[in-house]
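A.B. asks: what's the 3D shape of this:
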Amino acid sequence: MSQSDPTAAPARAETLSPQQWRSGIAAWLGWLFDGLDMHLYTLVAASFVAQLVSVDNPGDPIVKQYSSWIQAAFLIGWALGGGFFGRLGDKLGRSKALSLTILTYALFTGLSFFCQTWWQLLICRFLAALGIGGEWAVGASLLSETWPKRWRPWIAGVLQTGVNIGVLLACLAVYLIADLPAFLKGNLSAGMWDALPQGLKDGHFERYVFLVGVLPAFLVFWIRRHVPEPEEWHKARVGAVAPRLTDLFRPPVSKNTWLVIGVCAFSLTGWWAFMFWHPQHLRALPELAGWTAPEKQKLVSKAFFIVIAVSIVGNFFASFLAQKLGYRKSIGILFTLFIAAFAGAFAVPRTHEELLWWLPLIGFCSGVFGLFTMYLPPLFPTLLRTTGAGFCYNIGRIFAAFGTVFFGLYAGVTDLRVALLVVGLLFIPALAFAFFLPEPGDGD
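C.D. replies: Predicted coordinates:
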């Protein structure tokens with residue numbers, strides 16, 4: 001157990017040390033920019049890919065096919081990044097690895113601006129995802145080793161809120177940039193307007209949103225100067241033989257490894273298929289057939305904003321449940337709510353006004369993923385912590401990648417509503433695996 005885990009100490013802000021505050025701020029900001037960079041593409045996927053493949057209709061099957069492959073590459077990169085940077089976090093230290101992850105996703109999100117083909121965008125999203133996946137494992141382990149145990153359910157909610165706020169900032173950025181061509185046309189002289197790229201003059205604003213993703217790079221300078229490595233990590237390295245990745249699949253760790261993989265594989269596939277395809281479902285509603293592209297984009301951004309705003313409430317509801325009932329029961333309750341929310345949203349055709357009431361309920365349930373941040377790392381030994389948490393959590397991204405492609409191809413021949421209804425059923429096996437998860441301190 002961490003030297004900073006005085007379970008008898010009250011959970012008051014004045015009991016926290018400067019190091020704990022700095023590590024918390026670094027992890028929270030890293031997660032905020034995670035949310036920003038990961039969802040910039042999700043919000044503009046259909047229209048941007050349509051430009052790259054020279055198709056006028058973002059609903060064209062070829063756009064759905066390529067955009068789903070790009071999202072799949074992102075999720076696979078996320079999984080590999082969790083394992084790769086998780087290993088670096090165990091070997092080099094949490095603070096150093098955290099800095100490397102942030103630089104990676106900031107650089108390649110920014111480079112997406114220059115993409116001219118769909119496969120170039122696929123490569124940039126894959127490489128950006130390496131950093132985003134790694135940041136989760138490193139940041140979660142950093143806090144589990146520096147913050148008191150009593151704070152963990154609440155710091156999990158706060159961390160996940162960082163992701164949510166990052167997504168809200170992505171929604172805001174896309175919402176504002178959607179009006180950029182009209183703003184420039186109304187405020188620039190004729191000569192300056194003529195000098196702009198033709199794509200921007202034609203209303204194609206999508207690639208400009210990726211420039212926002214460069215901002216996280218500036219956080220690295222502060223982290224390297226102010227966030228030291230955890231004392232627990234230093235102590236664990238003294239005279240210890242570094243464990244291997246294969247030790248995750250040997251007793252006594254192997255049971256937790258397989259359970260976490262099962263929970264994450266099914267639940268993350270369900271969540272990411274929902275996050276990627278519900279905007280496309282909104283755009284494809286028959287009642288929106290006469291809407292312009294900017295009008296549809298604003299609706300999608302509005303829906304995303306509401307879903308994520310409600311998710312913040314869900315984070316703290318999940319923290320409250322974990323404080324009262326424990327992690328395992330809380331995860332089970334929220335997975336059950338997920339199943340019910342998907343059924344309510346997609347069991348019957350609904351208008352966009354109705355969906356704006358149902359989709360936030362699904363977002364509320366996503367608070368369960370915030371619990372994973374403080375729950376999963378302590379299930380693994382210190383020198384396998386970022387490796388284990390990163391590998392097992394992010395291996396679910398590989399399954400989610402295949403799920404995204406599958407539902408993308410499936411959507412080409414049938415209703416996205418039905419595909420999203422099937423997505424909700426994935427939380428049933430996730431619930432079954434969660435039943436066997438241990439509580440910290442009773443078998444981990």
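A.B. asks: phi, psi for residue 196 please.
C.D. replies: Main-chain torsions, residue 196, degrees, to the nearest 10: phi -70, psi 160.
A.B. asks: count of neighbours near it?
C.D. replies: 13 (other CB atoms under 10 Å). Backbone N, C-alpha and C define where each C-beta goes, glycine included.
A.B. asks: before we move on, what about residue 95?
C.D. replies: Neighbours of residue 95 (other CB under 10 Å): 21.
A.B. asks: and for it, nearest residue in space, chain neighbours not counted?
C.D. replies: In this structure, residue 95 finds its nearest non-sequential neighbour in residue 227, 4.7 Å apart by CB to CB, 6 or more residues apart in numbering.
A.B. asks: list the contacts for the one you found?
C.D. replies: 22, 23, 26, 95, 98, 142 (CB atoms under 8 Å, 6 or more residues apart in numbering).
A.B. asks: the same query, at a cut-off of 6 Å, please.
C.D. replies: By CB atoms under 6 Å, 6 or more residues apart in numbering, the contact list for residue 227 reads 22, 23, 26, 95.
A.B. asks: what's the closest non-adjacent residue to residue 140?
C.D. replies: Nearest one to residue 140, counting by CB to CB, 6+ apart, is residue 373 at 4.4 Å.
A.B. asks: follow-up on the earlier one: ranking the contacts of residue 227 by neighbours, who comes first?
C.D. replies: Result: residue 23 is most packed of the contacts of residue 227 (other CB under 10 Å), 28 neighbours.
A.B. asks: helices of the stretch 1-150 of the chain, start to end?
C.D. replies: 18-52, 61-92, 94-111, 118-144 (DSSP state H, counting those that start in this stretch).
A.B. asks: and for the stretch 301-444 of the chain?
C.D. replies: With DSSP H, counting those that start in this stretch as the criterion, the stretch 301-444 of the chain has helices spanning 327-346, 352-365, 367-375, 385-411, 416-424, 427-434.
A.B. asks: out of those helices, nearest to residue 187?
C.D. replies: helix 352-365 (31.6 Å; CB to CB).
A.B. asks: name the helices or strands packed onto the closest one?
C.D. replies: Packing contacts for helix 352-365, counted by 3 or more CB pairs under 6 Å, 6 or more residues apart in numbering; DSSP states H and E, involve helix 293-325, helix 327-346.
A.B. asks: tabulate these (JSON lines), appending mean pLDDT.
C.D. replies: Output for the helices and strands packed on helix 352-365, formatted as JSON lines (pLDDT from 0 to 100):
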{"stretch": "helix 293-325", "mean pLDDT": "87"}
{"stretch": "helix 327-346", "mean pLDDT": "95"}
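A.B. asks: let's have these in JSON lines, adding mean neighbour count and distance to residue 435.
C.D. replies: Shown next, in JSON lines, are the helices and strands packed on helix 352-365 (neighbours: other CB atoms under 10 Å; distance: least, CB to CB, whole Å):
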{"stretch": "helix 293-325", "mean neighbour count": "20", "distance to residue 435": "14"}
{"stretch": "helix 327-346", "mean neighbour count": "21", "distance to residue 435": "7"}
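A.B. asks: would a markdown table of those with distance to residue 70 be doable?
C.D. replies: As requested, the helices and strands packed on helix 352-365 are exported to a markdown table (distance: least, CB to CB, whole Å):
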| stretch | distance to residue 70 |
| --- | --- |
| helix 293-325 | 17 |
| helix 327-346 | 24 |
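A.B. asks: and the helices of the stretch 301-444 of the chain, which is most packed in?
C.D. replies: Most buried of the helices of the stretch 301-444 of the chain, by mean neighbour count (mean count of other CB atoms under 10 Å): helix 367-375, with a mean of 27.
A.B. asks: that helix to helix 118-144, inter-axis angle?
C.D. replies: 60 degrees (axes from the mean of the first three to the mean of the last three CA atoms, to 10 degrees).
A.B. asks: can you spell out which helices and strands pack onto helix 367-375?
C.D. replies: Looks like helix 367-375 contacts helix 152-177, helix 293-325, helix 327-346 (3+ CB pairs under 6 Å, 6+ apart).
A.B. asks: mean confidence for it?
C.D. replies: Mean per-residue pLDDT for helix 367-375: 86.
A.B. asks: what sits up against that helix?
C.D. replies: Residues contacting helix 367-375 (CB under 6 Å, 6+ apart): 140, 152, 156-157, 159-160, 314-315, 317-318, 322, 327, 331, 334.
A.B. asks: likewise for stretch 422-432?
C.D. replies: The contact list for stretch 422-432, computed with CB under 6 Å, 6+ apart, reads 263, 266, 267, 269, 270, 273, 274, 335, 338, 339, 342.
A.B. asks: closest to residue 79 among the residues you listed?
C.D. replies: Nearest to residue 79 among those is residue 269, at 11.7 Å by CB to CB.
A.B. asks: now the closest one: how far from residue 395?
C.D. replies: 11 Å (CB to CB, to the nearest Å).
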